[in-house]
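Asker: Show me the folded form of this:
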Amino acid sequence: MAKPKLICNCNKTMPLDARALAAALKLGATPNIASELCRKHVAAFEAAVKNGGDLVVACTQEAPLFSELHEQLQGSGSLKFVNIRETAGWSSDAAGATPKIAALLALADAPEPEPVPAVSYKSEGRLLVVGPGGAALAWAERLTEQFAVNVLVTDGGERFEIPSERRYPVFSGRPRAVKGYLGAFEVEWDQANPIDLETCTRCNACIRVCPEQAIDFSYQIDLDKCKAHRQCVKACGEIGAIDFERGETRRSDTFDMVLDLSREPLIKLPQPPQGYFAPRSDPLEQALAANQLARMVGEFEKPKFFQYRENICAHSRSEITGCTRCIDVCSTRAITSEKEANRVTVEPHLCMGCGGCATVCPSGAMTYAYPRVPDIGTRIRLVLQTYRDAGGRDPVLMFHNMTDGRELVARLARRGRGLPANVIPLEVFHIASLGLDITLGSIALGATGCLVLATGAEPPEYLAALRSQLGFGQQILAGVGFGEGHLRLLEARDPAALEQLTWNLGTARGLPPATFNLAAEKRTTLDFVFDHLLKHAPAPREEVALGAGAPYGRVMVNQKTCTLCMACVGACPESALLDSKEAPQLKFIERNCVQCGLCEKTCPEDAITLAPRLLLGKEAQAAVVLNAAEPYLCVRCNKPFATRQMIENMVGRLGSHSMFATSDSLRRLQMCADCRVIDMMEKQGDANIFDYRDGGGNAR
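Answerer: A predicted model of the protein is given here:
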């Protein structure tokens, strides 16, 4: 059921057609278009709240004002806000933007995504300040009233003075590693200086006796000045804070938060973990980081952004590594390899929800869960259907994030021509989550174009992954005759660049909208998409060439070297390679293949190579024979037990070995397992491996 819509033309700066919107949104009555809903016409909002029920306000600029009024009036329903001004009404194409405005308003009626599991953090305020002594101690003094402060003083080449009052622990050393997340950081460092600051009583005895004045009120020894008189050791006495024989001693501890003032951050990631701040030496950035730390104490939750299905993961088999795409693209290092367990591990506390892992995963083992692909698909379908019902043509979806992407769209509307009437902006949590299932799925659902807006803040790994995935999608569309220009990555840092890109798109060739929904299983969705594309293709063909690294392709087998050992079948995680129960055959189902390379790396004869392509039609789902061989019959019982090529190769290689010097032992290689045992028991006088011993009498 459509929710009541409160629409404002923002002081008559937008040409809004109330009747057309009512028809497109299937509203029971034509809505009133206010011109000053946040000022002179605010009574209309108050009356709607008092009537009860859910409300949609077509204004985001004044969302704080309307939210406050809604709370004061004790509104019983939900309150949603939709931006139709910067996204549609403020455009040189505004006269034709009614279908887009209707589509954006319709999104407010979409159901909320299903809830997902939460990831919890607990921070009790144990803070480590690490960096050069002067800066680290200065910030420790400021923050010690708020947090349980600890200081790790690093060698910054500057002199500093330890506070006279011991209000917090002070360590010194060279940091080795910082890992973890909010509430669970693990920090390792080397205690390099002879003076242990935690043991030191700061009695100044060492300072007084040092003839080189190598010790000052930092209570650290300047080893360049020290001449090894060791008077300080004697002065320290039984306290034992000074030990020149200690060398570099490894230390470690755990903390809830880390304020890293080092000149080079100890964690060098595009997206560092929550609770870690590295403002370097910039005073303003340091102050901002200190302010953010205050909001990092307590218990917190965030969505678990991913789902992982280990059984179809193509990462490794038998400790042989295959696909590493999710590990390579992750900018937070949340994904690590467990090669021995044939899987990857994701630390949910480090995951920031970019979705890049799901985008590049060829099998769909890693999927994006917040929101799920079906939820995104529902929104896409609703937007496109409403746009078409309102008379819109050639819809182009432009995905952008909710931060700088949203701001760039707004700046374009304020300073430039705005967006064309057929370019519909859709917000996502992160653009890296937009894989082939969503982008090609959008085309199948009726969009003539799918754009992804990158503003320059994205890590390069994500942009490379998006270029690759969009490139594969465009190759598929062009390969079946739809031409170019459907899938594009828009890289724009300012309104002028975005205007240039969006107003010069051209019109790509579309196709009738599909009736299926986008599924949570990536390969299932793409199967439906490919069938729909082939059905409506201007130039249908069963094979489309794809570039290197594509998630679809064939396996080619050198029949001269393949012995049908079936090691590749055991290695394949997707059941693309199969053996046959009826005969020695290696079969292949191309649609199942994800081009992970495990078969190629596992093959002992190096008989397998991969070739990327997309095979369409029924042949892609049929099992084809890659290699077949004549069965070899046991020379004793006449039962087939291997291939002729395998046995002949084995006999040829082992024929000159001393263990098979007799004709009987060599003939045993031509027997099945049962007959081989029987033959050995009958001829116990034959040599066996235990008869061969080294000089020490040990079997070899």
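Asker: need the contact list for the residue nearest to G510 when sequence neighbours are not counted.
Answerer: Leaving aside its sequence neighbours, G510 sits nearest to T448 (CB to CB, 6 or more residues apart in numbering; 4.0 Å). C-betas here are computed from N, CA, C, even on glycine. Counting by CB atoms under 8 Å, 6 or more residues apart in numbering, T448 makes contact with 394-396, 486, 507-510.
Asker: Turn these into CSV, including distance to K268, secondary structure and neighbour count.
Answerer: Below are the contacts of T448 laid out as CSV (distance: CB to CB, whole Å; DSSP: H, G, I helix; E, B strand; the rest coil; neighbours: other CB atoms under 10 Å):
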residue, distance to K268, secondary structure, neighbour count
D394, 44, coil, 18
P395, 42, coil, 24
V396, 38, strand, 24
H486, 37, coil, 25
T507, 44, coil, 12
A508, 40, coil, 21
R509, 45, coil, 14
G510, 44, coil, 18
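Asker: Nearest to D109 among these?
Answerer: Nearest to D109 out of the contacts of T448 is P395 (CB to CB; 18.2 Å).
Asker: Can you point out the buried residues in the helix of greatest length in the chain?
Answerer: Looking across the chain with DSSP state H, the single longest helix is helix 460-479. Within helix 460-479, the residues scored as buried using 16 or more other CB atoms under 10 Å are 461-463, 465-466, 468-477, 479.
Asker: Closest to D527 out of the residues you listed?
Answerer: Comparing the buried residues of helix 460-479 against D527 with CB to CB picks out I476 as the nearest, at 12.8 Å.
Asker: That closest one touches V544, doesn't it?
Answerer: Yes - between I476 and V544 there is a contact at 5.5 Å, judged by CB atoms under 8 Å.
Asker: what residues are shared contacts of these two?
Answerer: L614.
Asker: Neighbours of G28, how many?
Answerer: When neighbours are defined as other CB atoms under 10 Å, G28 has 9 of them.
Asker: show me where pLDDT drops low in the stretch 551-700 of the chain?
Answerer: For the stretch 551-700 of the chain, the stretches flagged by pLDDT under 70 are 684-700.
Asker: redo that, cut-off 50
Answerer: 699-700 (pLDDT under 50).
Asker: ok, which stretches of it are helices?
Answerer: Secondary structure of the stretch 551-700 of the chain by DSSP state H, counting those that start in this stretch: the helices cover 567-571, 598-602, 644-654, 663-668, 673-682.
Asker: same deal with the stretch 251-400 of the chain?
Answerer: Going by DSSP H, counting those that start in this stretch, the stretch 251-400 of the chain shows helices at 283-293, 325-329, 356-360, 373-389.
Asker: Let's have the ones you listed in JSON lines, adding mean neighbour count, mean pLDDT and distance to V346.
Answerer: Formatted as JSON lines, the helices of the stretch 251-400 of the chain follow (neighbours: other CB atoms under 10 Å; pLDDT from 0 to 100; distance: least, CB to CB, whole Å):
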{"stretch": "helix 283-293", "mean neighbour count": "15", "mean pLDDT": "96", "distance to V346": "25"}
{"stretch": "helix 325-329", "mean neighbour count": "21", "mean pLDDT": "97", "distance to V346": "8"}
{"stretch": "helix 356-360", "mean neighbour count": "29", "mean pLDDT": "97", "distance to V346": "8"}
{"stretch": "helix 373-389", "mean neighbour count": "20", "mean pLDDT": "96", "distance to V346": "18"}
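Asker: can you redo the ones you listed as a markdown table with distance to D155?
Answerer: Shown next, in a markdown table, are those (distance: least, CB to CB, whole Å):
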| stretch | distance to D155 |
| --- | --- |
| helix 283-293 | 20 |
| helix 325-329 | 34 |
| helix 356-360 | 37 |
| helix 373-389 | 51 |
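Asker: For A413, find the nearest of those.
Answerer: Closest to A413 of the helices of the stretch 251-400 of the chain is helix 373-389 (CB to CB; 18.8 Å).
Asker: Any chance you could list what contacts the closest one?
Answerer: Residues contacting helix 373-389 (CB under 8 Å, 6+ apart): 24-25, 99-100, 102-104, 106-107, 109-111, 113-114, 367, 395, 397, 424, 426, 428, 437-438, 441-442, 445-447, 513, 517-520, 522, 525.
Asker: Same check on stretch 357-367?
Answerer: 306-314, 323, 325-326, 328-330, 335, 346, 368, 373, 432-436, 465-466, 468-469, 520-524, 551, 573-574, 594-596.
Asker: Got a quick PyMOL command for the buried subset of the residues you listed?
Answerer: Applying 16+ other CB under 10 Å to the contacts of stretch 357-367 leaves a buried subset, and the PyMOL line that selects it is:
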select buried, resi 306+307+308+312+313+314+323+325+326+329+330+335+346+368+373+432+433+434+435+436+465+466+468+469+520+521+522+523+551+573+574+594+595+596
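Asker: mind listing the strands for the stretch 1-150 of the chain?
Answerer: Using DSSP state E, counting those that start in this stretch, the strands assigned to the stretch 1-150 of the chain run over residues 5-8, 33-34, 55-57, 79-81, 118-123, 126-132, 148-154.
Asker: If we ignore the residues flanking it in sequence, what's nearest G597?
Answerer: G322 (5.3 Å).
Asker: so the one you found sits right up against K601, yeah?
Answerer: Yes - between G322 and K601 there is a contact under CB under 8 Å: 6.8 Å.
Asker: Contacts only, for I101.
Answerer: Shown in contact with I101 (CB under 8 Å, 6+ apart): 16, 21, 84, 88-89.
Asker: picking up where we left off before, would you tell me what the next helix or strand after the longest helix of the chain is?
Answerer: strand 487-491 (DSSP states H and E).
Asker: what comes into contact with that next one?
Answerer: Contacts for strand 487-491 (CB under 8 Å, 6+ apart): 398, 439-440, 443, 449-454, 456, 463, 466-467, 470, 473-474, 477, 497-498, 501-502, 505.
Asker: Now do the phi/psi pair for R176.
Answerer: phi -110, psi -40 (degrees, to the nearest 10).
Asker: Distance check, it against K40.
Answerer: 65 Å (CB to CB, to the nearest Å).
Asker: now swap in H486 and tell me
Answerer: 45 Å.
Asker: Could you do W90 as well?
Answerer: 21 Å.
Asker: returning to that earlier point: what helices or strands is the longest helix of the chain leaning on?
Answerer: helix 325-329, helix 356-360, helix 436-444, strand 449-454, strand 487-491, helix 522-535, strand 543-545 (3 or more CB pairs under 8 Å, 6 or more residues apart in numbering; DSSP states H and E).
Asker: so who does the closest residue to P117 other than its chain neighbours touch?
Answerer: Excluding its sequence neighbours, the residue lying closest to P117 (CB to CB, 6+ apart) is K304, at 4.5 Å. Counting by CB under 8 Å, 6+ apart, K304 touches 116-119, 348, 351, 369-370.
Asker: any shared contact partners between G322 and K601?
Answerer: Common neighbours of G322 and K601 (CB under 8 Å, 6+ apart) are A571.
Asker: of the two, who's got more company?
Answerer: With neighbours defined as other CB under 10 Å, G322 and K601 compare such that G322 has more, 25 against 17.
Asker: in stretch 170-183, what's buried?
Answerer: Residues of stretch 170-183 classed as buried: 170-173, 175, 178-183 (neighbour count, 16+ other CB under 10 Å).
Asker: and that stretch, how far from the chain's centre?
Answerer: 26 Å (CA atoms, centre = their mean, to the nearest Å).
Asker: Do me a favour and average the pLDDT over it.
Answerer: The pLDDT scores in stretch 170-183 average 95.
Asker: Now do it: distance from first to last residue.
Answerer: 20 Å (CA to CA, to the nearest Å).
Asker: which one of the buried residues of helix 460-479 is nearest T403?
Answerer: For the buried residues of helix 460-479, the nearest to T403 is Y462 (14.4 Å; CB to CB).
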